[in-house]
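Colleague: quick one, what's the 3D model for this:
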Amino acid sequence: MTIVQLEYVVAVDTYRSFVLAAEKCFVTQPTLSMQVQKLEEHLGVKLFDRSRQPVIPTEIGIEVIEQARILLQESYKIKEIIEERKGELAGELKIGVIPTIAPYLLPHVIGGFIEKYPKVKLIVSELTTENIIHQLKVNLLDCGILATPLDENALTERPVFYENFVSYISKHSPIFKKKAINTSDLDVDNLWLLNEGHCMRNQVLNICKHKNSNDAKLEYNTGSIETLIKMVDLNDGITILPELSLQDFSVKQLDKVRYFKSPEPSREVSIVTNKNFVKKRVIDALESEILNAVPKRMKTKKKKEIIGI
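Modeller: Down below sits the predicted model:
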C-alpha cells in the first residue's frame, strides 16, 4: 500500500471518474487504474463499482476511502513540519468564498497577502455555501470564507468578524423617514431577495421573521447584490445588504441606507476548514489580513444579534 495509491483512490471517489481522476492527478488513465487495482488486490476487496456511471464506491470502499483521506492528511503534516522549521509559507491555498462576501472583502485582502507571502499561490473561487461545504469535505478546497455557524461535524469554523446587515430603502417607502428601523418595520412583500441557495436569503427572511409570502406582486430571482440595489433605485421597495457592500456607495445611495436599532442583526463570517486540515499557519496569515481589512466595529459581536442561516 502506497501514498500514491491512496491519492488515486481518493481522486476517483472525488471525481467519480477514472478518466477525470487521472487528469487531475496528471497521470494516464491506465496508470491510475492499474494502481487502484493493485491496492484492491492487496486489500482483497473491490473499492469501486465499475459497472455504474458515474463510478461509485462499494460499501467497504466508502469506509476505506474515508480512512484514506485521514491518512493522506496526516502524511501532508510532514511537509508542514518542514515548512514550519524553515519559517516560510509556500504552496497553494485554495479558497472558496460566497458571492455576498467576495467582492467587498477580497480586493482589500489579496494584495497585502500576496505582498507578504509571495511563495503562496492563492486560488480563489466564488461558490455557494452548499458547494463550499462539499468541496471542503472532499479536500477540493483548503478553506472557505462564509457565514456561520454551519453545524457540520466534519468542518472546523474559525469566526473572524461580525458584519451588520443594513436596510436600503426607496424614498417612496413609508419607513424612509425613520433614522433607524426595527426588524418589525420590514414587510417581506416589498422586499427584494436573493435566489434560493444563497445563505443570505435565509438570513434576511430570519430577520423579517417570515418564511414566505403569497402577496408579493412580483418574484424576481437574482444572485447579485448589485441587482437588488438597482431594483430599489428604479422600482421602489426595500432590500437588505451586508454592511461591507456600502463601501463604494454615492452620497445619494447612502441617503437610502438605514441601520437597525440595537441589537443589530449581523452575520458571523468565519474561515472554515476540513477538521483534518494541516496548513494552520497559512490560515493564521489569511485571518490576519482579513482583520486588517475590516473596520474595528466588526471585530466584536457586542450589541449584535447573530442571524442564523
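Colleague: tally of neighbours for residue 6?
Modeller: 20 (other CB atoms under 10 Å). Glycine gets a C-beta too; all of them are placed from N, C-alpha and C.
Colleague: now do the helix or strand it falls within: which elements does it pack against?
Modeller: Secondary structure assigned from DSSP states H and E places residue 6 in helix 3-15. Helix 3-15 sits against helix 18-25, helix 29-43, helix 59-86, with contacts defined as 3 or more CB pairs under 8 Å, 6 or more residues apart in numbering; DSSP states H and E.
Colleague: do you know which of these lies nearest residue 172?
Modeller: Nearest of the helices and strands packed on helix 3-15 to residue 172, taken as CB to CB: helix 18-25 at 52.9 Å.
Colleague: that older thread, deepest-packed of the helices and strands packed on helix 3-15, please.
Modeller: Stretch with highest mean neighbour count among the helices and strands packed on helix 3-15: helix 18-25 (a mean of 18; mean count of other CB atoms under 10 Å).
Colleague: report the rounded mean pLDDT for it.
Modeller: With pLDDT averaged residue by residue, helix 18-25 scores 95.
Colleague: and for stretch 100-120?
Modeller: 95.
Colleague: for the stretch 1-150 of the chain, what are the low-confidence residue spans?
Modeller: 84 (pLDDT under 70).
Colleague: go again using 90 as the cut-off
Modeller: Within the stretch 1-150 of the chain, the ranges that satisfy pLDDT under 90 run 52-53, 70, 73-91, 138-139.
Colleague: for the helices and strands packed on helix 3-15, which one sits closest to residue 298?
Modeller: Per CB to CB, nearest to residue 298 of the helices and strands packed on helix 3-15: helix 59-86, 30.3 Å.
Colleague: right, and the helix or strand after the closest one?
Modeller: strand 91-97.
Colleague: longest strand in this protein, please.
Modeller: strand 155-169 (DSSP state E).
Colleague: can you list contacts of the helix holding residue 6?
Modeller: 18, 21-22, 24-25, 27, 32, 35-36, 38-39, 47-48, 55, 57, 61, 64-65, 68-69, 71-72, 75, 138-140 (CB atoms under 8 Å, 6 or more residues apart in numbering).
Colleague: could you do stretch 242-258 as well?
Modeller: 100-101, 104-105, 163-171, 175-176, 178-181, 200, 225, 229, 232-233, 241, 267, 294, 298.
Colleague: how about residues contacting stretch 278-290?
Modeller: 73, 76-77, 80, 83-84, 89, 91, 93, 95, 105, 109, 112-113, 116-117, 120, 142-143, 145, 158, 160-161, 271, 273, 277.
Colleague: which residues does the closest residue in space to residue 89 that isn't next to it in sequence contact?
Modeller: Of all residues not flanking residue 89 in the chain, residue 117 sits nearest, at 4.7 Å (CB to CB, 6 or more residues apart in numbering). Taking CB under 8 Å, 6+ apart, we find residue 117 in contact with 89, 282, 285.
Colleague: how close does residue 117 sit to residue 109?
Modeller: Between residue 117 and residue 109 the distance is 12 Å, computed by CB to CB, to the nearest Å.
Colleague: report how many residues lie close to residue 189.
Modeller: Every residue meeting other CB under 10 Å relative to residue 189 is counted, giving 13.
Colleague: next: residue 119.
Modeller: Here the count is done by other CB under 10 Å, and residue 119 has 9 residues near it.
Colleague: quick check: it vs residue 49, distance?
Modeller: The spacing between residue 119 and residue 49, counted by CB to CB, is 42 Å.
Colleague: again with residue 142
Modeller: Relative to residue 49, and taking CB to CB, residue 142 is found at 30 Å.
Colleague: more neighbours: which of these two?
Modeller: residue 142 (23 against 13).
Colleague: buried residues, stretch 252-269. List them.
Modeller: By neighbour count on 16 or more other CB atoms under 10 Å, the buried set for stretch 252-269 is 256, 258, 260, 264-269.
Colleague: same check on stretch 272-280?
Modeller: Residues of stretch 272-280 classed as buried: 272-274, 276-279 (neighbour count, 16+ other CB under 10 Å).
Colleague: over to stretch 46-62?
Modeller: Under 16+ other CB under 10 Å, the buried positions of stretch 46-62 are 47-48, 55, 57-58, 61.
Colleague: same thing with stretch 130-146?
Modeller: Result for stretch 130-146 [16+ other CB under 10 Å]: buried residues 131-133, 135-137, 139-146.
Colleague: any chance of these in JSON lines with secondary structure and distance to residue 3 as columns?
Modeller: Formatted as JSON lines, the buried residues of stretch 130-146 follow (DSSP: H, G, I helix; E, B strand; the rest coil; distance: CB to CB, whole Å):
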{"residue": "131", "secondary structure": "helix", "distance to residue 3": "28"}
{"residue": "132", "secondary structure": "helix", "distance to residue 3": "27"}
{"residue": "133", "secondary structure": "helix", "distance to residue 3": "27"}
{"residue": "135", "secondary structure": "helix", "distance to residue 3": "22"}
{"residue": "136", "secondary structure": "helix", "distance to residue 3": "22"}
{"residue": "137", "secondary structure": "helix", "distance to residue 3": "21"}
{"residue": "139", "secondary structure": "coil", "distance to residue 3": "14"}
{"residue": "140", "secondary structure": "coil", "distance to residue 3": "19"}
{"residue": "141", "secondary structure": "coil", "distance to residue 3": "21"}
{"residue": "142", "secondary structure": "coil", "distance to residue 3": "19"}
{"residue": "143", "secondary structure": "strand", "distance to residue 3": "23"}
{"residue": "144", "secondary structure": "strand", "distance to residue 3": "26"}
{"residue": "145", "secondary structure": "strand", "distance to residue 3": "30"}
{"residue": "146", "secondary structure": "strand", "distance to residue 3": "31"}
